[in-house]
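J.: here is a sequence together with a model predicted from it:
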Amino acid sequence: MVSKKEYQPIENYGVIGDLRTIALVGIDGSIDFMCFPNFNSPSIFAGLLDSQKGGFFKITPVEENVKKKQLYLPETNILLTRFLFEEGIGELRDFMPIATLCKRSFLVRKVSNIKGEITYRMQCCPRFNYANGTHKTKLNKNELLFISEGKERLCLRLKSSIPLQNKKGDGFAEFTLKAGESAEFILEIVQENESPIDIDIKEFAEQSFIRTLNYWKEWSAKSTYNGRWREMVIRSALVLKLLISHEHGSIIAAPTFSLPEQIGGSKNWDYRFAWIRDAAFTIYALMLLGYKEEAEAFKGWIEKVCGNLDKRKNLNPLYNFDGSQQFDEVELTHLEGYKGSSPVRIGNAADSQLQIDIYGEFIDSIYLYDKYVSAISHDTWLTISNQVNWVQKNWKRKDSGIWETRGKLKEFLNSRFMSWVALDRAIRMGIRNSYPFPNTWIKTRDQIYNSVYKDFWNEKLQAFVQSKKSSEVDASTLLMPLIRFIGQKDPKWLSTLKCIEDKLAIDCLVYRYKPESSKFFGLEEGEGNFSACSFWFIECLSRSGQLQKAQFYFDKMLSYANHLGLYSEQLGPQGEHLGNFPQAFTHLALISAAYDLNKRLNR
């Protein structure tokens, strides 16, 4: 019988992955979230979203009087969970061999005894198709097959170095290890009629570990960043790398779906997609650290996306990691949601929204690639030109904005100045490469510039406001000096920064918009502080010359990371992590703020 499980705090998890998918590993040794074999595949473990129905894969000591610690092996995404007793020490090593090193995805778990004698319990309880399917289980000594009875006929094989049991369809084992002994478990996708593997599982697990360790060490060593807070910067880069599809070069926003922005609330979204905005910002952050191969791969992916637009001229805000566009938003009513936060959603209706700002982020990422990696090709220039021509015709339209509002469409400031970015960067690339472009681009760029100052400056507030004719500020405005729309010490900018601090910030924590006005999003509940906005705020302080304050706030924000240096989307009133986890937006903003602040402190 499956033992009863309670919900852990979101911040109690670490992540492992193979550049195809990601698993969340709790500090108690339980994998409570995993979509397999790809980022957007149905979940096989979703205990994080329903502790009774969702499924999990747990390895932990039987005795409950144990202290638990978790760490990554330095500069890798290999996770170590330690179980500490007065008379014994056990270690659980979790990793996924990288997609470049093997043909198919598999998960490796190895539990070892360092000291004393400890009895462990293993429970592998897959729940196929978002815990909405049934399966049958076959046992062959040290090997279990879990066979989904749904139309996908997914078959998982759990291979172990110790005997396994089939308990009502779930994998089970209870075993005792002495100092120096270990037990290995490998979970992979196979064909239902595939023959049992005849390998030394201990040797196989160790060889996979060495190859995976070397891969991550070599990747981390490519970073050119040697400034302050290097450990946190590299950890953020490692998180971003985990979110990149090795096969396609796309970057997903987060590996999870439906983790709530407020406990008990309904703002629970699926982030397992490649947002144009998030991906473009991610490439910028990785290029700051010297990672150019990822920029090359992303450029190839976005060119493919643009090439498949056919008659539809404008970009979607988000795509599947392979560039496809099939993700209807569906509610999984059979799952209760994290701590009762329902509905649980898969898919994301934001894909059909108009979000004009994405053109600025997309074209800016190509501009940076052209400037710092390699000159763009003629075909890429034609792709960019088509998108700029669309912006030229549509920049005045109302849209859903950067925060993907599900309420009334507005003329958002962020969409307006990011339209300026789209034209400005395209003009710069055209001049640098002597590519032809119409003079109307320059005229339109200047019209947008003037519109920002005329239509979005509030004389009474002495600040740029969220939308046309609005009297509220918005944290997305913090991007204005970061994308060089306005001087970082311009008086109008400094007064805007002060207004944002007064109205949206609590110490170093920043809301996206006024909490009491959150219904403009289209839903009534509030939310936490948005961590990416906090790092944008810190970078703006740094750029404005307030270095001491920026450094103090940056160090404070680092204290809100979990025990492994990971961040979710938002932070609650007691520092609890909220929203999907880990989130690319937060980690890329951390990298950008650290890079700028370190550079200015060195001066």
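T.: Yep, that arrived. Numbering: from 1, shown residues only.
J.: what about residue 99? Give its phi and psi, please.
T.: With angles defined as degrees, to the nearest 10, residue 99 sits at phi -60, psi -30.
J.: residues in contact with residue 162?
T.: 142, 173, 175, 183 (CB atoms under 8 Å, 6 or more residues apart in numbering). Heads up, the C-betas are built off the backbone N, CA and C, glycines and all.
J.: between the residues you listed, which sits nearest residue 126?
T.: Nearest to residue 126 out of the contacts of residue 162 is residue 173 (CB to CB; 15.2 Å).
J.: so which of the contacts of residue 162 are in helices?
T.: In helices, judged by DSSP state H, none of the contacts of residue 162 are found.
J.: need the contact partners of the lengthiest strand in the chain.
T.: Identified as the longest strand of the chain according to DSSP state E is strand 106-115. For strand 106-115, the external contacting residues (CB under 8 Å, 6+ apart) are 16, 23, 31, 34, 57, 59, 87-97, 120, 177-189, 205, 208-209.
J.: which of those residues are buried?
T.: Buried residues within the contacts of strand 106-115, defined by neighbour count using 16 or more other CB atoms under 10 Å: 16, 23, 31, 34, 57, 59, 88-97, 120, 177, 182-189, 205, 208-209.
J.: please narrow those residues to those residing in strands.
T.: 16, 23, 31, 34, 57, 59, 89-95, 120, 177, 182-189.
J.: quick one: neighbours of residue 140, just the number.
T.: 11 (other CB atoms under 10 Å).
J.: can you check residue 434 too?
T.: Residues near residue 434, counting by other CB under 10 Å, number 6.
J.: got the phi and psi for it?
T.: phi 60, psi 40.
J.: and the pLDDT for it?
T.: At residue 434, the model reports a pLDDT of 96.
J.: distance-wise, check it relative to residue 375.
T.: 11 Å (CB to CB, to the nearest Å).
J.: then residue 42?
T.: Counting by CB to CB, the gap from residue 42 to residue 375 is 42 Å.
J.: give me the more crowded residue out of those two.
T.: Legend: neighbour count by other CB under 10 Å for residue 42 and residue 375, higher for residue 42 (20 against 12).
J.: chain neighbours aside, what residue packs nearest to that one?
T.: Counting by CB to CB, 6 or more residues apart in numbering, residue 129 is the residue found nearest to residue 42 once chain neighbours are left out, at 4.6 Å.
J.: contacting residues around the one you found?
T.: 42, 148, 150, 152.
J.: other SSEs contacting the worst-scoring helix or strand of the chain on mean pLDDT?
T.: Each helix and strand of the chain was given a mean pLDDT (mean pLDDT, DSSP states H and E); the minimum falls on helix 293-307 at a mean of 88. In terms of contacts (3 or more CB pairs under 8 Å, 6 or more residues apart in numbering; DSSP states H and E), helix 293-307 is packed against helix 276-288, helix 357-372, helix 378-394.
J.: for the stretch 151-300 of the chain, which segments count as strands?
T.: 155-160, 165-167, 170-177, 182-189, 274-275 (DSSP state E, counting those that start in this stretch).
J.: would you list those in TSV and tack on distance to residue 556 and mean pLDDT?
T.: Below are these laid out as TSV (distance: least, CB to CB, whole Å; pLDDT from 0 to 100):
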stretch	distance to residue 556	mean pLDDT
strand 155-160	43	96
strand 165-167	48	96
strand 170-177	42	97
strand 182-189	40	96
strand 274-275	28	94
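J.: sounds good, over and out.
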